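K.L.:
quick check, what structure comes out for this input:
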Amino acid sequence: MEKQLRSVIATSSDYEKVFNTLLDTAKWLNKKGSNQWGDLLLGNDVHRTDRAIRNQNVYMAYLKEYYLGVFILLETQSSWDAELWGKDSEGHVTYLHRVALAEEAHGSGNGELLIKIAINRAIINGNRVIRLDCVANNHYLNQFYKDAGFVLVETNKEVSSNSQSKFNLYEKSL
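P.N.:
Residues are numbered from 1 along each chain as shown. Got it, this is the predicted structure:
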């Protein structure tokens, strides 16, 4: 199965597919009672996916030729990551953001495959640690990341730039 899993860097011609995947996930989260990624439901891409694609930080994940979804890996801390984690002076850390399954990929363990692909990409990129943040009150996603082998580092972290939510911080050694 390992050789059947792969990721490719998204290009500008993939923007619509990537954005629609993120939008589908925002709708799914909304149906589960979460307002996470609510900006996308309003048509606002506050995470500037177009810029992330230009910077080659967006990956599209596949199982054979079957499209699973997308994720963003940042090799350099964003201001958001620095605010959550503090300034990273060690290096060899990657930050995982915007993990999103394609609408038709929900179920059958595809979320776990998507995370596995992201971790493999981080290893290929030469990183030793992968970190992510998750809205603290989204119990489903918090359990999902724990089940994927991420260790809870901090709970209910408050961020001055986002007073509406608290965040749990997770990391995994690679």
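K.L.:
who are the packing partners of the helix or strand hosting Ala52?
P.N.:
Per DSSP states H and E, Ala52 falls inside helix 49-54. Using 3 or more Cβ pairs under 8 Å, 6 or more residues apart in numbering; DSSP states H and E, the elements in contact with helix 49-54 are helix 15-31. Placement of C-beta: from N, CA and C, glycine included.
K.L.:
from Asp81, how far off is the nearest residue to Val153 once chain neighbours are set aside?
P.N.:
Leaving aside its chain neighbours, Val153 sits nearest to Leu169 (4.6 Å; criterion: Cβ to Cβ, 6 or more residues apart in numbering). Distance of Leu169 to Asp81, given as Cβ to Cβ, to the nearest Å: 10 Å.
K.L.:
likewise for Ala10?
P.N.:
Ala10 sits 20 Å away from Asp81, going by Cβ to Cβ.
K.L.:
what of Arg131?
P.N.:
The spacing between Arg131 and Asp81, counted by Cβ to Cβ, is 7 Å.
K.L.:
with Leu152 instead?
P.N.:
For Leu152 relative to Asp81 (Cβ to Cβ), the value is 17 Å.
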